[in-house]
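Colleague: Build the 3D model from these lines:
(one chain, ligands or ions: 2)
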Amino acid sequence: MRTNGADARFDRARLGRRLAQTFDAMTTILPSPPNFLSRVFELPAGDVLAHSVYVDDDKPRICSLHTLEPNRPYVTLTFAQSLDAKIAGQGGKQLALSGNESMLMTHWLRTFHDGILVGIGTALNDNPQLNTRHLPPFSADGPYKYHLPRPIILDTDLRLPIDCKLLRNYRAGVGRRPWVVTRAIVADGDESHVSRQTSLETTGARIIEVNTDGDGRISIPSLLVRLRELGIQSLMVEGGARVIQSFLGVEARHRNCIDTVIITVAPTLVGNGGVGYGTDLSSDMLPGVQHIETELFGRDAVVAFKVTQ
Ligand SMILES: NC(=O)C1=CN([C@@H]2O[C@H](COP(=O)(O)OP(=O)(O)OC[C@H]3O[C@@H](n4cnc5c(N)ncnc54)[C@H](O)[C@@H]3O)[C@@H](O)[C@H]2O)C=CC1
Ligand SMILES: Nc1nc(O)c(N)c(N[C@@H]2O[C@H](COP(=O)(O)O)[C@@H](O)[C@H]2O)n1
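Modeller: Ligands and ions are numbered 1, 2, ... in the order given. Here you go, the predicted structure:
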């Protein structure tokens, strides 16, 4: 059918707009994670961004790191340390050890994982957010947003403050609901524990009970089984010192609880007042390491390895 002149002009304009949009979509350069991470996790280069983004409708993520172990998530242990292996300053003072470039890598790493775990010592000391705010923004009207890992806190006695940033961010709609992992209480449990549980639940936390080990800490192998049951396929463990020790310790290692370790080494010395993570690991308990890759991010060396028994 013939169109008159006005319709033809209209169609040409519309076609032009469609072509321009298609061209934009084809040529938009999306921010992308460092190649270092695709090599460490052995991801095909084209797949890497898929690990970092949620599409528009907040469906479950397109892909997650995963392990063939049936009873636990893929586990990445990662933290930043000084040249003398300190992760914090005197009295636990939080230190900016990572430079901008390695911190950016860490925020990309957060997008790769379903959950991000810290101990209550870190939650109380640092009041962390555990989000991906340092990443370059996706265009506001585009279909993409970053995957946010779920914060998970090991908190045997439910000491997490109800006004911490993790809960505040969740209540403000800018963070995921934190999961607080606590000891399983016996039937006639302790009333103050129950009352702390109620206030944390009322203010947004989900409480998860897990058995403790012989030292009264959350058992790492039992924790991992529970997290996998709850749908966490990949877990990033950030610390602090006691949590790192538990994951590197004999029990966790003999039950094969870690897949990859990524340590940012900053060119700085802290001295003997700082917080180290090796203090309770005697030499006969230390794991073997199998190097994967080391890369410089700005002034920091980022070392990736596997632990062996
Ligand atoms: N440089 C870095 O990358 C990081 C540094 N940090 C630093 O680490 C320090 C905090 O470390 P910590 O005081 O050692 O606290 P932490 O964060 O390791 O938490 C330890 C607490 O978690 C609870 N817990 C329950 N089950 C546990 C288990 N199986 N293993 C270990 N803990 C368990 C216990 O109450 C224990 O006291 C802070 O100064 C923080 O700034 C923390 C994370 C990363
Ligand atoms: N990668 C890294 N480099 C450092 O220099 C650090 N101090 C840490 N600390 C960890 O990050 C948490 C803070 O996270 P937010 O910035 O609040 O998102 C802190 O609690 C440690 O787990 N990490």
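
Colleague: Is residue 123 in contact with residue 152, as I believe?
Modeller: No. Using Cβ atoms under 8 Å, residue 123 makes no contact with residue 152, being 10.4 Å away. The C-beta positions use only the backbone N, C-alpha and C, and glycine is treated the same way.

Colleague: Quick check: next helix or strand after the helix or strand containing residue 289?
Modeller: Assigned by DSSP states H and E, residue 289 belongs to strand 288-297. For strand 288-297, the following helix or strand on the C-terminal side (DSSP H and E) is strand 300-308.

Colleague: helices and strands around that next one, which ones?
Modeller: helix 35-40, helix 100-111, strand 260-265, strand 288-297 (3 or more Cβ pairs under 8 Å, 6 or more residues apart in numbering; DSSP states H and E).

Colleague: repeat that for 7 Å
Modeller: helix 100-111, strand 260-265, strand 288-297 (3 or more Cβ pairs under 7 Å, 6 or more residues apart in numbering; DSSP states H and E).

Colleague: tell me the angle that strand makes with strand 288-297.
Modeller: 160 degrees (axes from the mean of the first three to the mean of the last three Cα atoms, to 10 degrees).

Colleague: Any buried residues in strand 300-308, and which?
Modeller: Neighbour counts using 16 or more other Cβ atoms under 10 Å place 300, 302-305, 307 of strand 300-308 among the buried residues.

Colleague: right, and the secondary structure at the residue nearest to residue 71 when sequence neighbours are not counted would be what?
Modeller: Closest residue in space to residue 71, ignoring its immediate chain neighbours: residue 225 at 5.0 Å, by Cβ to Cβ, 6 or more residues apart in numbering. The three-state assignment at residue 225 reads helix, by DSSP: H, G, I helix; E, B strand; the rest coil.

Colleague: Check whether the strand holding residue 289 comes near ligand 2.
Modeller: No. Strand 288-297 lies out of reach of ligand 2 by Cβ under 6 Å from any ligand atom, never closer than 10.6 Å.

Colleague: hmm, who's touching that strand?
Modeller: For strand 288-297, the surrounding residues in contact (Cβ atoms under 7 Å, 6 or more residues apart in numbering) are 36, 39-40, 101-102, 105, 301-309.

Colleague: Stretch 242-258 now?
Modeller: 69, 72, 75, 77, 79, 118-119, 121, 154, 213, 217, 220-221, 224, 237, 277, 280-281, 285, 287, 307, 309.

Colleague: Return only those of those residues found close to ligand 1.
Modeller: Answer for the contacts of stretch 242-258 near ligand 1 (Cβ under 6 Å from any ligand atom): 79, 118-119, 121, 154, 217, 220.

Colleague: Pull up the residues of the stretch 51-200 of the chain that are close to ligand 2.
Modeller: Neighbours of ligand 2 within the stretch 51-200 of the chain, by Cβ under 6 Å from any ligand atom: 80, 94-98, 103, 106, 118, 122, 126, 128-131.

Colleague: Alright, calling it a day.
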